[in-house]
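Visitor: All I have is the shape, not the residue letters:
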Ligand code: NAP
């Protein structure tokens, strides 16, 4: 039986959001299909939720059927130099990283410490410190609520981009399992400054486990403690701009770094928020930008979605006024 009128503040890491009409637990294919049938019969959309770590829910009651994914099988299939890792959508991403790195498998170590579930990972093609899910992705299985069919998709079928995939645009596709192909031997990806600094200080980052531990330590400083405050991690995407636009900005701000990306030059938004706009700690109501990393939005006790909207909109306007860049949210809205 679904639960009724459950506050989304209790189901999301930003800890804001009004009541969702129905909440189903998806702990088997049968329960996932039952939730989809219920959403069809009551004419409400079905919204899959993992740990709710990338969702901003509105304050008003939301007419939606939430499907809280709680399937939890994680299996390892050895195949010569690789191991295929198959995770149910509800498996915690951090558990997956931990078990893979403990076995010495390469490919997800730079993605340690990201809150969320395995099933949510492909939605925004999670990435960090020079690695992204798409690098090791093999296939996923998803349930199409429109056709009542299970489908298997490879990377091409998922249309991965920078923090992007088709699942952001096709809410009828509910990811039920993912599979990664992880190597037994590989080369560490340690080009990011945060990891370089640790190596310069004498740390040996030569195993998946050591890298994962290092990434967790770096993240602990840059992200607030989820047991104390609400957050969805980086609230905005780092923007990619044209080479010309970058040249113009760099003429004004010589210390602004730029990194070649497929569609232009990617720039660190946190640097602009900090050095151009002085927005560390900037607040609206009970929401503020984190002191240690201003790309991270933090909610305090009793914050509302309206606080978050005001803060985020003001930040977007300030960035646009100063740089002409229209920034995009990484966090998804549910209203
Ligand atoms: P950061 O490492 O200071 O990087 C800021 C920006 O510069 C990002 O756009 C990053 O690209 C780029 N960058 C930095 N060093 C680079 C290099 N050596 N080569 C190419 N690009 C480089 O950012 P941060 O905010 O502290 O976050 C650390 C990492 O965690 C970043 O990779 C960030 O994207 C990631 N992160 C991911 C999520 C998520 O998936 N939801 C949430 C929060 C943070 P990239 O963005 O391509 O790395």
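Guide: Now that the structure is in, tell me what you want to look at. A quick note: this is a predicted structure, and the numbers were derived from the prediction, not measured.

Visitor: per-residue pLDDT, the nearest residue to residue 57 once chain neighbours are set aside?
Guide: Taking C-beta to C-beta, 6 or more residues apart in numbering as the measure, residue 57 lies nearest to residue 17, with 2.7 Å between them; neighbours along the chain are not counted. Any C-beta I mention is one placed from the backbone N, CA and C, and that applies to glycine too. Note for residue 17: predicted pLDDT of 97.

Visitor: quick one: the helices in the protein?
Guide: With DSSP state H as the definition, the chain shows helices at residue ranges 29-42, 93-102, 155-158, 193-200, 208-222, 243-252, 269-271, 305-323.

Visitor: hmm, back to that, verify the contact between the residue nearest to residue 57 and residue 58 for me.
Guide: Yes. With contacts defined as C-beta atoms under 8 Å, residue 17 counts as touching residue 58 at a distance of 6.6 Å.

Visitor: And these two? Which one has more around it.
Guide: Each of residue 17 and residue 58 has its neighbours counted (other C-beta atoms under 10 Å); residue 17 has more, 27 against 18.

Visitor: Run through the residues that contact that one.
Guide: Residue 17 makes contact with 7, 8, 9, 11, 55, 56, 57, 58, 59, 62, 305, 334, according to C-beta atoms under 8 Å, 6 or more residues apart in numbering.

Visitor: tell me which parts of the stretch 151-300 of the chain are close to the ligand?
Guide: 163, 191-194, 222, 233-234, 238, 259, 266, 268, 270, 293, 295 (C-beta under 6 Å from any ligand atom).

Visitor: Determine which two of those are furthest apart.
Guide: Spatially, the most separated pair among those is 191 and 233, at 21.2 Å (C-beta to C-beta).

Visitor: Now do the shared contacts for residue 17 and residue 58.
Guide: Both residue 17 and residue 58 are contacted by 305, 334, under the criterion C-beta under 8 Å, 6+ apart.

Visitor: which of residue 191 and residue 233 has more neighbours?
Guide: Residue environment comparison for residue 191 versus residue 233 gives the larger neighbour count to residue 233, 26 against 9, counting by other C-beta under 10 Å.

Visitor: Quick check, that one in contact with residue 293.
Guide: No. Checked against C-beta under 8 Å, the pair residue 233 and residue 293 is beyond contact range at 9.4 Å.

Visitor: which neighbours do these two share?
Guide: Taking C-beta under 8 Å, 6+ apart as the contact criterion, the common neighbours of residue 233 and residue 293 are residue 223.

Visitor: buried stuff in stretch 165-177?
Guide: Residues of stretch 165-177 classed as buried under the neighbour-count rule (16 or more other C-beta atoms under 10 Å) are 165, 166, 167, 173, 174, 175, 176, 177.

Visitor: go on, stretch 208-222?
Guide: Using 16+ other C-beta under 10 Å as the test for burial, stretch 208-222 gives 208, 209, 210, 211, 212, 213, 214, 215, 218, 219, 222.

Visitor: Run through the bridge partners of the spatially closest residue to residue 310 that is not a sequence neighbour.
Guide: Across the structure, with C-beta to C-beta, 6+ apart as the measure, the residue nearest residue 310 apart from its sequence neighbours is residue 284 (4.2 Å). As for beta bridges, residue 284 partners with residue 287 under DSSP bridges.

Visitor: ok now do residue 284, which residues does it touch?
Guide: With contacts taken as C-beta under 8 Å, 6+ apart, residue 284 has the following neighbours: 307, 310, 311, 314.

Visitor: List the beta-bridge partners for whichever residue of the stretch 51-200 of the chain sits closest to the ligand.
Guide: Per C-beta to the nearest ligand atom, residue 128 is where the stretch 51-200 of the chain lies closest to the ligand, at 3.3 Å. Listed beta-bridge partners, residue 128: residue 131 (assigned using DSSP bridges).

Visitor: my read: it touches residue 111, true?
Guide: Yes. In this structure, residue 128 is within contact of residue 111 by C-beta under 8 Å, at 5.6 Å.

Visitor: Pick out whichever of these two has more residues nearby.
Guide: Neighbours were tallied for residue 128 and for residue 111 using other C-beta under 10 Å; the higher tally belongs to residue 111 (24 against 18).

Visitor: ok, the nearest residue to residue 82 once chain neighbours are set aside - how many residues close by?
Guide: Leaving aside its sequence neighbours, residue 82 sits nearest to residue 181 (C-beta to C-beta, 6+ apart; 5.1 Å). Counted with other C-beta under 10 Å, the burial measure for residue 181 works out to 18 neighbours.

Visitor: gap between residue 181 and residue 136?
Guide: 6 Å (C-beta to C-beta, to the nearest Å).

Visitor: overlap in contacts of the two?
Guide: Taking C-beta under 8 Å, 6+ apart as the contact definition, residue 181 and residue 136 share the neighbouring residues residue 107.

Visitor: what's the pLDDT at the residue nearest to residue 82?
Guide: Here the pLDDT value assigned to residue 181 is 98.
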